[in-house]
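Asker: need coordinates for the following:
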Amino acid sequence: MTTEKIYEILETVSDPEIPVLSVLDLGIIRDVKWDGETGEIEIVITPTYSGCPAMDFIEVSIRAALQEQGINPVKITTVLSPAWTTDWLSAAGKAKLKAYGIAPPVGSADKLSLLGEKVEVECPRCGSINTKLVSQFGSTACKSLYQCKECLEPFDYFKCH
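Answerer: Prediction:
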């Protein structure tokens, strides 16, 4: 077993709320520790929100995916600090969000929180930046609801945080 193989397995574990994203795309996998002598494996994760209801399911899914490949026992450690940020989303993950119909976060979470600057959110359907915020609250806590003024379609925007 190699750390590379473990990462390949983790790439198959999907987020239950946005199934086109893997746990690696989300950036919630902080570290993979494998002790070649003892065979002990530890996966270190950080939830997207400290109270994220999907994390229990994600933990079970990680453990199941590894056990299906004969990797057992698996220790999963949750680390809350530093807090997860949308800056940890992979470029591939952002592209997958857009293809799925969810506008990916714009800019850096650190800069947005400090400057409070307004961002131009691109419609994932037609590509227009002529969009408007409908509600700070979308289908889940991590998203806002927008509408495109060109194609008139509503869409979720994955908020920077």
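
Asker: report the rounded mean pLDDT for the host helix or strand of residue 144.
Answerer: Element membership for residue 144, per DSSP states H and E: strand 143-148. Strand 143-148 shows a mean pLDDT of 94.

Asker: over to stretch 11-31?
Answerer: 96.

Asker: what of stretch 95-112?
Answerer: 84.

Asker: mind listing what's buried in it?
Answerer: 96-98, 102-106, 109, 112 (16 or more other CB atoms under 10 Å). The way it works is simple: take the backbone N, C-alpha and C, and place the C-beta from them, glycine included.

Asker: check stretch 44-61 too.
Answerer: By 16+ other CB under 10 Å, the buried positions in stretch 44-61 come out as 45-48, 52, 54-55, 58-59, 61.

Asker: just the CA atoms of that stretch, as PDB, please.
Answerer: This file holds the C-alpha atoms of stretch 44-61, laid out as PDB (Å, rounded to 0.1, in the frame of the first residue of the first chain):
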ATOM      1  CA  VAL A  44      -7.200  13.800   8.700                       C
ATOM      2  CA  ILE A  45     -10.200  15.700   7.600                       C
ATOM      3  CA  THR A  46     -11.700  19.200   8.200                       C
ATOM      4  CA  PRO A  47     -15.400  19.800   7.700                       C
ATOM      5  CA  THR A  48     -16.600  22.600   5.400                       C
ATOM      6  CA  TYR A  49     -18.600  23.800   8.400                       C
ATOM      7  CA  SER A  50     -18.100  22.800  12.000                       C
ATOM      8  CA  GLY A  51     -21.700  21.600  12.100                       C
ATOM      9  CA  CYS A  52     -21.900  20.100   8.600                       C
ATOM     10  CA  PRO A  53     -24.500  17.300   8.700                       C
ATOM     11  CA  ALA A  54     -22.800  15.500   5.800                       C
ATOM     12  CA  MET A  55     -19.500  14.900   7.700                       C
ATOM     13  CA  ASP A  56     -20.700  11.700   9.500                       C
ATOM     14  CA  PHE A  57     -21.700  10.300   6.100                       C
ATOM     15  CA  ILE A  58     -18.400  11.300   4.500                       C
ATOM     16  CA  GLU A  59     -16.500   9.700   7.300                       C
ATOM     17  CA  VAL A  60     -18.400   6.400   6.900                       C
ATOM     18  CA  SER A  61     -17.900   6.600   3.100                       C
END
